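**Q** sequence first, predicted coordinates after that:
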Amino acid sequence: MQDELTLDFHDELIKAMVYWIEANLSDRLTMEKASKKTGYSRWYLQRLFKSKTGYVLGKYIRDRRLTMAAIALRLTDMTILEISDYFSFDSQQTFTRTFKKNFDETPGNYRRNASWTMNGIMPPLALKAFPQPEYEFVELPAMAFVGTTETYVYPFDALYNSQYHVHHEALSRYLTTSEALSETVWGLSDIYPDSDDTMPNALQFKYIVGQQVSLKHRHNIKVPASKYMKIKYTHELSRINDFILYVYSALLPTLDLKFIMQPDLEKFSPELRLNGITCEYYIPLENVNTGRTD
């Protein structure tokens, strides 16, 4: 009984520590701080963390800081120096050297690339896991959509905080209407740096939900012809935000794919629902060999 209590306590301690790391990635996290936080010696804490997670504590912290720095490079207007300072690197030179070692290119090149590979991204250990989804590579023609647009703003370092992911409430409301029950509904999501200074280093998330229309029809948005990774999402709609984070953070880094910065697509149709599929999720990709399914 005592061994079971110790096991549960250690599991909860590591879980709490993972959340503490996420909340303090912009601080200079050290083994001394972690030791003081838990009350364990540095040696015992590192051994415990490795045994419970499979990761070396110091490397995990470093890789999570670099991951959030990479996201800041791609999704915010922060300068490289500001990102280096924000994540408490000793200097911009140290940041550049460490970043290049992890991502095989300098922060400047990483930001300027037309496409974005997720290689080198380290998902947080608190990320909700999903079974390997079924996916394939497809090509879609240029499409136009008309619908309702909602915009949300949240801090970029809260990307993995589910309380900020409220945009699918609009989709949930729309899917309960009588029209949506008999028609195909599309969701389009895109993300930009927020230009409003009221929330520093914020992301602006634009979400459109509606129907596809003819390219000649008056529309809210036109999406160019592209190659996509099409993923069948079979879980509850309420979990789709966690699923998207899982795909980008845990699945894409293992596939060596490059995606392009245009809206992700979600297709909801009566036919899909009849087959037990909540939606088809489309991620726009740079040229890939289509037709392969893993």
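**A** Yep, it's here.
**Q** all helices for the stretch 1-150 of the chain, in order.
**A** 2-23, 31-38, 42-53, 57-75, 80-86, 92-103, 107-112 (DSSP state H, counting those that start in this stretch).
**Q** comparing these by mean pLDDT, which bottoms out?
**A** Lowest mean pLDDT of these: helix 2-23, a mean of 74.
**Q** which parts of that helix are buried?
**A** 13-14, 17-18, 21-22 (16 or more other C-beta atoms under 10 Å). Any C-beta I mention is one placed from the backbone N, CA and C, and that applies to glycine too.
**Q** before we move on, what about stretch 71-81?
**A** For stretch 71-81, by 16+ other C-beta under 10 Å, it's 71-73, 75-76, 78, 80.
**Q** what's the weakest-modelled helix or strand in the protein?
**A** helix 178-182 (a mean of 63; mean pLDDT, DSSP states H and E).
**Q** hmm, residue 192 is touching residue 203, no?
**A** Yes. Taking contacts as C-beta atoms under 8 Å, residue 192 lies within contact range of residue 203: 7.3 Å.
**Q** need the residues touching each of those two.
**A** In terms of C-beta atoms under 8 Å, 6 or more residues apart in numbering, residue 192 and residue 203 are both contacted by the residues residue 75.
**Q** the more surrounded of the two?
**A** residue 203 (22 against 14; other C-beta atoms under 10 Å).
**Q** quick one: that one is in a helix?
**A** No. Counting by DSSP: H, G, I helix; E, B strand; the rest coil, residue 203 is located in no helix; its state is strand.
**Q** tell me the contacts of it?
**A** Residue 203 neighbours (C-beta under 8 Å, 6+ apart): 75-76, 153-156, 159, 191-194.
**Q** now it, nearest residue through space, not along the chain?
**A** Sequence neighbours aside, residue 156 is the residue nearest to residue 203 in space, at 4.9 Å (criterion: C-beta to C-beta, 6 or more residues apart in numbering).
**Q** distance of that neighbour relative to residue 237?
**A** Distance, residue 156 to residue 237, by C-beta to C-beta, to the nearest Å: 25 Å.
**Q** what of residue 59?
**A** 36 Å.
**Q** between these two, which is the more surrounded one?
**A** Counted by other C-beta under 10 Å, residue 59 and residue 237 do not tie: residue 237 has more neighbours, with 16 against 11.
**Q** mind pulling up the pLDDT for the more buried one?
**A** pLDDT, read off for residue 237, is 84.
**Q** let's have the chain start at 41 instead
**A** Got it, first residue is 41 now, which makes that one residue 277.
**Q** you'd agree it is up against residue 321?
**A** No. If you go by C-beta under 8 Å, residue 277 and residue 321 don't touch, sitting 11.8 Å apart.
**Q** which neighbours do those two share?
**A** In contact with both residue 277 and residue 321: no residue, using C-beta under 8 Å, 6+ apart.
**Q** using the three-state scheme, assign the spatially most central residue of the chain.
**A** By C-alpha atoms, centre = their mean, the chain has its centre lying nearest to residue 285, at 3.7 Å. What three-state DSSP gives for residue 285 is helix.
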